[in-house]
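> pasting the structure only:
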DNA sequence: GTCTATATACAGATAGAC
DNA sequence: GTCTATCTGTATATAGAC
């Protein structure tokens, strides 16, 4: 059910992810859905909690690869449909629909990244550069998910970009 | 009325910007609002058209300052409450609420910038770096508008970032 | 042009059968 | 636990007075 909600938010926006639509996508009735999630807010909160949990696991994982952590972080910023990527896209959709809790959760995730990357960048300016490029990649992915293909560099163009950022910031 | 709609979308999200709320904020009744904008979609479309027009004017203006155009572009990416900034924030909010037309309009704006900046960057990779940092700045501003203060560098930290990007990309 | 009143539709949530 | 049926609030849009 949570997955159905997330998929709907990603594919059609928070507006279209009604309880009815979520229930339909999950193959249950509205009543069945509301038995597990007492309200729509509970559903949203569950999504945000899972997002934070996945982000924590991801950061722990990154910390185990101290070499190339910045490059790995940037590569993970371009959506590859991983559970964390999907949760982040859905979370940012909710945030931009007016959900304060979602905006706060995203800030928490960003702080996790910030602290994990800081030891591996040259200085604070370099750290901000890395984070902002990552934000830009996510933003474009979030816009493009349901609509047109994103204008983000791919393949060797993308590798050149990662290289440039790493050389500049680390 | 259009300004009231834009302000509501920025301050409380697309969800809260109902026809009733817009009418109230603009100091008219719902009927009065619907006399000028026949439907909510018409209101949204008007906002997107104004956004594109402001963006075109902004790019024309940038073209007249060929020295430091990249730095000027980055500085303009951090929200200073200009009409264009406000339109872009509102537009991206609509886009993330599921409005395909809004997402497409934002892509058009990005293409305008891309073409204007290309002659002033070292290569395509540098161009993408500049655009992505700008996207990251906008994204964070868009998230923070109604909620917590953004973690974006300010003052001399921000100038150092602009400097770094310009030195790297131009 | 702007208002009030109202029609229509749909969202979230509840109640109770099975 | 899952269903159907229903309640309540609210959003968009229309009708018609002024």
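Looks like it came in fine. Just so it is clear, the structure is predicted and the values come from calculations on it, not from any experiment.

> Could you double-check that residue A:122 sits in contact with residue A:167?
No: contact criterion Cβ atoms under 8 Å: residue A:122 and residue A:167 do not qualify, at 10.2 Å. Every residue, glycine included, has its C-beta placed from N, CA and C.

> interface residues of chain A facing DNA strand D?
Contact residues (Cβ under 7 Å from any atom of the strand) of chain A with DNA strand D: A:23, A:27-32, A:35-36.

> out of those, which are buried?
For the residues of chain A next to DNA strand D, a burial check counting by 16 or more other Cβ atoms under 10 Å in any protein chain shown picks out A:23, A:28.

> For residue A:32, which three-state class applies?
Three-state call for residue A:32 (DSSP: H, G, I helix; E, B strand; the rest coil): helix.

> contacting residues around the closest residue to it other than its chain neighbours?
Sequence neighbours aside, residue A:23 is the residue nearest to residue A:32 in space, at 6.7 Å (criterion: Cβ to Cβ, 6 or more residues apart in numbering or on different chains). Applying Cβ atoms under 8 Å, 6 or more residues apart in numbering or on different chains to residue A:23 gives the contacts A:1, A:29-30, A:32-33.

> from the residues you listed, which is closest to DNA strand C?
Nearest to DNA strand C among those is residue A:30, at 5.2 Å by Cβ to the nearest atom of the strand.

> That closest one - nearest residue in space that isn't next to it in sequence?
Nearest to residue A:30 is residue A:23, by Cβ to Cβ, 6+ apart, at 4.7 Å.

> Point me to the helix or strand that includes that neighbour.
Using DSSP states H and E, residue A:23 falls within helix A:19-26.

> all helices of chain A, in order?
For chain A, the helices defined by DSSP state H occupy A:2-12, A:19-26, A:30-36, A:40-63, A:69-77, A:83-96, A:100-117, A:124-144, A:155-169.

> which strands and helices sit next to the shortest one?
Under the contact definition 3 or more Cβ pairs under 8 Å, 6 or more residues apart in numbering or on different chains; DSSP states H and E, helix A:30-36 sits against helix A:19-26.

> Tell me which residue is most central in chain A.
Nearest to the mean C-alpha position of chain A, by Cα atoms, centre = their mean, lies residue A:88 at 2.0 Å.

> so that residue makes contact with residue A:51?
Yes: counting by Cβ under 8 Å, residue A:88 does reach residue A:51; the two are 6.4 Å apart.

> before we move on, the earlier item: mind listing what's buried in the helix holding residue A:23?
Applying 16+ other Cβ under 10 Å to helix A:19-26 flags A:19, A:22-23, A:25-26 as buried.

> Could I get the phi/psi values of residue A:79?
phi -50, psi 120 (degrees, to the nearest 10).

> Skipping its backbone neighbours, what lies nearest it in space?
In space, residue A:79 is closest to residue A:141, 4.2 Å off (Cβ to Cβ, 6+ apart).

> residues touching that neighbour, list them.
A:78-79, A:85, A:89, A:150, A:152.

> list the contacts for the residue lying farthest from the centre of chain A?
In terms of distance from the mean C-alpha position of chain A, residue A:31 ranks first, at 29.6 Å (Cα atoms, centre = their mean). Listed by Cβ under 8 Å, 6+ apart, residue A:31 has no contact partners.

> What of the one 4 residues further on?
If a contact means Cβ under 8 Å, 6+ apart, then residue A:35 has no contacts.

> circling back: please report the distance of the residue nearest to the centre of chain A from residue A:130.
Per Cβ to Cβ, to the nearest Å, residue A:88 is found 16 Å from residue A:130.

> Could you do residue A:77 as well?
To residue A:130, residue A:77 is 9 Å away according to Cβ to Cβ.

> Repeat that for residue A:6.
27 Å.

> One more: residue A:168?
9 Å.

> the more surrounded of the two?
residue A:130 (26 against 20; other Cβ atoms under 10 Å in any protein chain shown).

> Which residues are in contact with the more buried one?
Residue A:130 neighbours (Cβ under 8 Å, 6+ apart): A:70, A:73-74, A:117, A:121, A:165, A:169.

> Which one of the residues you listed is nearest to residue B:107?
Here the nearest of the contacts of residue A:130 to residue B:107, counting by Cβ to Cβ, is residue A:74; it sits at 22.1 Å.

> nearest residue to the closest one other than its sequence neighbours?
That would be residue A:162: by Cβ to Cβ, 6+ apart, it lies 5.0 Å from residue A:74.

> and if you look at residue A:98?
Counting by Cβ to Cβ, 6+ apart, the residue nearest residue A:98 is residue B:13, at 2.3 Å.

> so the one you found makes contact with residue A:94?
No: with contact defined as Cβ under 8 Å, residue B:13 does not reach residue A:94; the gap is 9.6 Å.

> Who has more neighbours out of the two?
More crowded of residue B:13 and residue A:94, by other Cβ under 10 Å: residue A:94, with 27 against 24.

> What is the burial count for the residue nearest to the more buried one when sequence neighbours are not counted?
Excluding the flanking residues, the one nearest residue A:94 by Cβ to Cβ, 6+ apart is residue A:102, at 3.9 Å. Neighbourhood size, residue A:102 [other Cβ under 10 Å]: 25.

> Residue A:102: what's it in contact with?
Applying Cβ under 8 Å, 6+ apart to residue A:102 gives the contacts A:44, A:48, A:91-92, A:94-95.
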